[in-house]
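Enquirer: here's a sequence, model it:
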Amino acid sequence: CHKAAEGAILRALIKEGVVLPRDKTVEELVDTRLGAVFMPHGLGHFIGIDTHDVGGYLPGHPPRIMEPGLKSLRTARVMKEGMVITVEPGCYFIDHLLDGALDPGSVHARHLNAELINSEYRGFGGVRLEDVVAVTGTGCVNFTICPR
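Expert: Residues are numbered from 1 along each chain as shown. Got it, this is the predicted structure:
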């Protein structure tokens, strides 16, 4: 799900001219971790008694992946009925991440429109949407009632 969110963000940034796919597919750009430049946080977290539940990585479950963006995931567990989790995709323009990605030695530099980023998006900040969902036997129930 996290990589799918990064892909959706990259598609939107391609449409706006911020990301330049050149010879790469969106999936290939996700695999290079370009999505982590704009979504450095994990996609969500479990909801517990006091909002955040820290039980995301347990023995016998998949380990944490230590790559940009993915290392911020709060869990790698398979979702089961009754679990409650947030889904928080977001897109940010963070100077130090942009600086690293735009560096001429970066694998990402050729896929970024430096002129547009530097003239329009520096200091912009970003946005994150948050939904709280409960996993059911047939899908999920979204408890967030904020219109989009």
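Enquirer: so for this structure, the centremost residue is which one?
Expert: residue 39 (4.0 Å; Cα atoms, centre = their mean).
Enquirer: residues in contact with that residue?
Expert: Counting by Cβ atoms under 8 Å, 6 or more residues apart in numbering, residue 39 makes contact with 5-6, 9, 69, 89-92. In short, each C-beta sits where N, CA and C put it, glycine included.
Enquirer: tell me the least confident of those residues?
Expert: Taking the contacts of residue 39 together, the minimum pLDDT is found at residue 69 (89).
Enquirer: count of neighbours near that residue?
Expert: Neighbours of residue 69 under the rule other Cβ atoms under 10 Å: 23.
Enquirer: got it, and residue 53?
Expert: If we define neighbours as other Cβ under 10 Å, then residue 53 has 16 of them.
Enquirer: isn't it up against residue 44?
Expert: No. Judged on Cβ atoms under 8 Å, residue 53 makes no contact with residue 44 at a distance of 11.0 Å.
Enquirer: could you identify the longest helix within this structure?
Expert: Longest helix in the chain, counting residues (DSSP state H): helix 2-15.
Enquirer: about what we covered before: quick one, which of the contacts of residue 39 are buried?
Expert: Among these, those classed as buried by neighbour count (16 or more other Cβ atoms under 10 Å) are 5-6, 9, 69, 89-92.
Enquirer: possible to save those residues as TSV with distance to residue 77?
Expert: Below are the buried ones among the contacts of residue 39 laid out as TSV (distance: Cβ to Cβ, whole Å):
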residue	distance to residue 77
5	17
6	20
9	24
69	18
89	19
90	22
91	26
92	26
